[in-house]
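Asker: dropping a prediction and its sequence here:
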Amino acid sequence: MKPPPPAPLATDTGAAAEPVSPGASTSVQGLTVRFRGTLALDGVSLTLSTGVIGLLGPNGAGKTTLLRILATALVPDRGELRILGRNPLVPTERQEIRRRLGYLPQTPGFHRQFTAFEFVDYIAILKEHTERAARHEEVRRVLAAVGLSEERGKKMKSLSGGMRQRVTLAAALIGEPELLILDEPTVGLDPEQRLRFRDLIAEFASDRTVLLSTHQTEDVTALCHRVVVLEAGRVRCDETPEGLCEIARGRVWFGEDRDPSAIAGWRTRARTYRNIGTPPPGAELAEPTLEDAYLLLNSTPDGAAE
Ligand SMILES: Nc1ncnc2c1ncn2[C@@H]1O[C@H](COP(=O)(O)OP(=O)(O)OP(=O)(O)O)[C@@H](O)[C@H]1O
């Protein structure tokens, strides 16, 4: 579907804070962002729903740019947005949004001398958790949730990459946010921690919204009820994971060799090749996965894969 033309951005000048409703929705319309010569987002429209929504797309598709806008870290050039029912361009509403959302950025900055506890506590202070004892209790809770109770006194600089990633996830979970925005949260996690992450997020999302940007299609299959694929700054597909898989049905097959006519193909553990594209007559078809469908979608022009 063609996105509606981008609307001019409303400014905060003179706008009054609107009353807010609990469980209010988040939606964007015609979001457009240009960085000098690069059109990072080109008229993106989306309404977020409860549960985990996966955001997929090749490098440079615009995922991080979209997440930064939703996290109120970046203002788009054009478009309309409501985040948790509020207008992020109105300072009082923006502050309210920031209290109610959790954001794990792709490259979090932290002071190397901070301990894990101090780092998460610092984020809690920024979110205006002013009562010290309750705040410290909350910091201990989120560090326990990511399995880092023992490491809470260790300095950030001495933690492994995967542990730091879990500390920043803990910081994003402070205050049980209504909207959790995660930019490649499982990078660097070992398999056990990845499963723990899935458990944590699945439970968290039972009555809240999580937007999960990732290159890990297995995480999307395991966690998401909906998957949005961005391509060159546009929404290419907004589907259930099962619906997305269906575009690859009848287009994945096994062969003795990599089929030269295949769009993509790789050797499997069974030493056969898994090919994606248009199978030759009589080919042994495979049950499609989300990864197959995603590869197929990325390698075909818009409209050709449906
Ligand atoms: N601050 C910036 N200045 C200039 N160009 C930028 C900036 N941020 C992003 N871009 C460009 O905007 C486009 C979208 O980038 P973005 O980081 O949103 O993509 P992405 O889908 O998150 O990619 P990746 O999967 O590699 O993280 C890219 O072409 C990128 O080079």
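Answerer: Okay, I see it.

Asker: what does the stretch 1-150 of the chain put close to the ligand?
Answerer: Proximity of the stretch 1-150 of the chain to the ligand, by Cβ under 6 Å from any ligand atom, involves residues F35, T38, A40, G57, N59, G60, A61, G62, K63, T64, T65. In this view, the C-beta of every residue, glycine as well, is placed from N, C-alpha and C.

Asker: PyMOL command to pick out the buried ones of those residues?
Answerer: Per 16 or more other Cβ atoms under 10 Å, the buried members of those correspond to this PyMOL selection:
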select buried, resi 40+57+61+62+63+64+65
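
Asker: so which of the residues of the stretch 1-150 of the chain next to the ligand are in strands?
Answerer: Residues of these located in strands (DSSP state E): F35, T38, A40.

Asker: contacting residues around A124?
Answerer: With contact taken as Cβ atoms under 8 Å, 6 or more residues apart in numbering, A124 is in contact with R135, E138, V139, A171, I174, G175.

Asker: identify the residues contacting stretch 186-195?
Answerer: Contacts of stretch 186-195 (Cβ under 8 Å, 6+ apart): G147, S160, G161, G162, Q165, R166, F197, T214, Q216, D219.

Asker: wait, what's in contact with V167?
Answerer: Taking Cβ under 8 Å, 6+ apart as the test, what V167 contacts is F110, A116, F119, V120, L143, V146, L148, M156, L159.

Asker: redo those residues as TSV? Include pLDDT, neighbour count and secondary structure.
Answerer: Shown next, in TSV, are the contacts of V167 (pLDDT from 0 to 100; neighbours: other Cβ atoms under 10 Å; DSSP: H, G, I helix; E, B strand; the rest coil):
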residue	pLDDT	neighbour count	secondary structure
F110	72	18	coil
A116	95	29	helix
F119	94	26	helix
V120	95	30	helix
L143	97	24	helix
V146	93	24	coil
L148	94	21	coil
M156	92	19	helix
L159	92	18	coil
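
Asker: which of the contacts of A124 sits closest to the ligand?
Answerer: When these are ranked by distance to the ligand (Cβ to the nearest ligand atom), A171 comes first, at 20.1 Å.

Asker: for the closest one, which non-adjacent residue is closest in space?
Answerer: Residue nearest to A171 in three dimensions, not counting chain neighbours: I123, with 4.1 Å by Cβ to Cβ, 6 or more residues apart in numbering.

Asker: tally of neighbours for the one you found?
Answerer: By other Cβ atoms under 10 Å, 23 other residues sit near I123.

Asker: now do the helix or strand containing it: distance to the chain's middle.
Answerer: Assigned by DSSP states H and E, I123 belongs to helix 116-126. Helix 116-126 sits 22 Å away from the centroid of its parent chain (Cα atoms, centre = their mean, to the nearest Å).

Asker: hmm, which two among the residues of the stretch 1-150 of the chain next to the ligand are most spread apart?
Answerer: F35 and G57 (16.5 Å; Cβ to Cβ).

Asker: which residue ranges of the stretch 101-250 of the chain form helices?
Answerer: Along the stretch 101-250 of the chain, counting by DSSP state H, counting those that start in this stretch, helices occupy 116-126, 132-145, 161-173, 191-204, 217-223, 241-246.

Asker: export those helices to JSON lines and tack on distance to W266?
Answerer: As requested, the helices of the stretch 101-250 of the chain are arranged in JSON lines below (distance: least, Cβ to Cβ, whole Å):
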{"stretch": "helix 116-126", "distance to W266": "39"}
{"stretch": "helix 132-145", "distance to W266": "36"}
{"stretch": "helix 161-173", "distance to W266": "26"}
{"stretch": "helix 191-204", "distance to W266": "21"}
{"stretch": "helix 217-223", "distance to W266": "14"}
{"stretch": "helix 241-246", "distance to W266": "18"}
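
Asker: list the helices and strands the one helix or strand in the chain whose mean pLDDT sits lowest packs on?
Answerer: Every helix and strand in the chain was compared by mean pLDDT, DSSP states H and E; the lowest is strand 264-267, with a mean of 82. Here strand 264-267 touches strand 273-276, going by 3 or more Cβ pairs under 8 Å, 6 or more residues apart in numbering; DSSP states H and E.
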